[in-house]
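1. attaching a predicted model along with its sequence, questions to come.
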Amino acid sequence: MAARISRRRLLAAGMAAALPVGMGKTEESASAAPIRFGFIGVGGRGTYLLRLIQQIPGVRITAICDINEANLNRAIEAVRETSGEKPAGYAAGPLDYRRLLAREDVDAVVIATPVPLHAPMAIDAMKAGKHAYSEVTAATTLEDCWGLVETAEQTGRLYMLAENYCYFRPNMMVLNMVEQGVFGDLTYAECGYVHDTRDIKFKADGSLEWRGEMARDMIGHLYPTHPLGPVAKCFKINRGDRFVSCVAMTSRPEAMAYYARKRWGADHPAAKIDFKQGDSSVTLITTANGSLINLRYDGCSARPHPSAAYFAI
């Protein structure tokens, strides 16, 4: 049972996590060698990450790969404008990223490609001696999950999943309060990610983007880490507790076909695609310590606000 706490203590515990990152820490030596990054995938998300990483002292971007030459050239120019250096570019097909991985002036790579490519590219990167930073989700098969773990252990390279929701200020504030015992022992969490992404699952002509292909071909919880990452930190997953079982159920798929009919008409091929992914998926997860987590995902139902994550512990 949690002890009674004052409002002052509640606010103080939360505000402690809202201090600027690194406050009170000394700067790294200016003489330290720069970290040399390669980028694989510089569409919208990759370009956003590229612009962020250019603001970090002691970082150079030496090589970029994207099979879309317009994306590649835009990213190369962005680096040139900021740093005065022109990174090498690779766009000769889906496997050209391996030439980037062979470069001696790349220490680590940022992977911001379509989800099914994250694990194979991260595994290739670590085998090539590079550290790997991958956008979510990490993998889409159990084999790739084990591949990431085993490759990191065998090569000694670092792998990081770029789950940014763990570092949102409100989530860090709550984590700090949990670690101070403000809420007592945790036994249950409810969390979810609902984001209407139907418009980016289709191309302008009604054919499918990679997100749409996943909704057509896969079933289950396709995008778990935005809600589950912060909850896992609060529940000390792999730091005192661990997930031991899960069961998932999904509703029937309706929203994608409805969207296609409204946009292109009932006779258009897009309106006749057989999507396997249901509109909403719910997963119940149990932990070794007997806690329960209710995790929801919905990436295609219409709603007034396009995107929202929610958490309750």
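-> Happy to help now that I have it.

2. run through the strands of the stretch 151-300 of the chain in chain order.
-> Under the criterion DSSP state E, counting those that start in this stretch, the stretch 151-300 of the chain contains strands at 159-161, 188-195, 243-250, 281-287, 292-298.

3. count of residues packed around Ala75?
-> Number of residues near Ala75 (other Cβ atoms under 10 Å) recorded here: 24. No exception for glycine: its C-beta is placed from N, CA and C like everyone else's.

4. please disregard the earlier target; I meant Lys130.
-> Around Lys130 sit 24 other residues, with neighbours defined as other Cβ under 10 Å.

5. worst-scoring helix or strand of the protein, pLDDT-wise?
-> helix 7-15 (a mean of 46; mean pLDDT, DSSP states H and E).

6. so Ile123 sits against Leu148, correct?
-> Yes. Counting by Cβ atoms under 8 Å, Ile123 does reach Leu148; the two are 6.4 Å apart.

7. just to revisit the earlier point, could you dump the strands of the stretch 151-300 of the chain to JSON lines with mean neighbour count?
-> Shown next, in JSON lines, are the strands of the stretch 151-300 of the chain (neighbours: other Cβ atoms under 10 Å):
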{"stretch": "strand 159-161", "mean neighbour count": "17"}
{"stretch": "strand 188-195", "mean neighbour count": "19"}
{"stretch": "strand 243-250", "mean neighbour count": "13"}
{"stretch": "strand 281-287", "mean neighbour count": "18"}
{"stretch": "strand 292-298", "mean neighbour count": "19"}
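
8. and those as a markdown table, adding mean pLDDT and distance to Leu95?
-> Below are the strands of the stretch 151-300 of the chain laid out as a markdown table (pLDDT from 0 to 100; distance: least, Cβ to Cβ, whole Å):
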| stretch | mean pLDDT | distance to Leu95 |
| --- | --- | --- |
| strand 159-161 | 96 | 20 |
| strand 188-195 | 96 | 31 |
| strand 243-250 | 96 | 33 |
| strand 281-287 | 97 | 32 |
| strand 292-298 | 97 | 31 |
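
9. want to throw those strands into a markdown table with distance to Gly43?
-> What follows is the strands of the stretch 151-300 of the chain, written out as a markdown table (distance: least, Cβ to Cβ, whole Å):
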| stretch | distance to Gly43 |
| --- | --- |
| strand 159-161 | 19 |
| strand 188-195 | 17 |
| strand 243-250 | 28 |
| strand 281-287 | 26 |
| strand 292-298 | 22 |
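
10. select, out of the ones you listed, the one closest to Glu153.
-> Of all these, it is strand 159-161 that lies closest to Glu153, at 10.0 Å by Cβ to Cβ.

11. how far does the closest one sit from its chain's centre?
-> Taking the mean of its C-alpha atoms, strand 159-161 sits 10 Å from the chain's own mean (Cα atoms, centre = their mean, to the nearest Å).

12. and if you look at stretch 68-85?
-> The chain centroid and the centroid of stretch 68-85 are separated by 24 Å under Cα atoms, centre = their mean.

13. give me the residues contacting that stretch.
-> Residues outside stretch 68-85 that contact it (Cβ atoms under 8 Å, 6 or more residues apart in numbering): 39, 42-43, 46-47, 50-51, 54, 60-62, 64-66, 86-87, 89-91.

14. likewise for stretch 293-307?
-> Counting contacts by Cβ under 8 Å, 6+ apart, the residues outside stretch 293-307 that touch it are 188-198, 201, 211, 215, 221-224, 227-228, 231, 235, 255-256, 259, 277, 279-287.

15. now do 7 Å
-> 189-198, 215, 221-224, 227-228, 231, 255-256, 279-285 (Cβ atoms under 7 Å, 6 or more residues apart in numbering).

16. wait, what's in contact with Cys191?
-> Residues counted as contacts of Cys191 (Cβ under 7 Å, 6+ apart) are 227-228, 231, 295, 310-311.

17. once you drop chain neighbours, what's closest to it?
-> Here the nearest residue to Cys191 in space, its sequence neighbours aside, is Pro227; by Cβ to Cβ, 6 or more residues apart in numbering that works out to 3.6 Å.

18. related to what we said a few turns ago, ok, then the element right after the least confident helix or strand of the chain?
-> Following helix 7-15 in sequence order, the next helix or strand is strand 35-40 (DSSP states H and E).

19. distance from the chain centre to that next one, please.
-> On the basis of Cα atoms, centre = their mean, strand 35-40 sits 18 Å off its chain's mean C-alpha point.

20. partner strands of that strand, parallel or antiparallel?
-> strand 59-65 (parallel), strand 108-111 (parallel) (DSSP bridges).

21. quick check: buried residues in it?
-> The neighbour-count criterion (16 or more other Cβ atoms under 10 Å) identifies 36-40 as the buried residues of strand 35-40.
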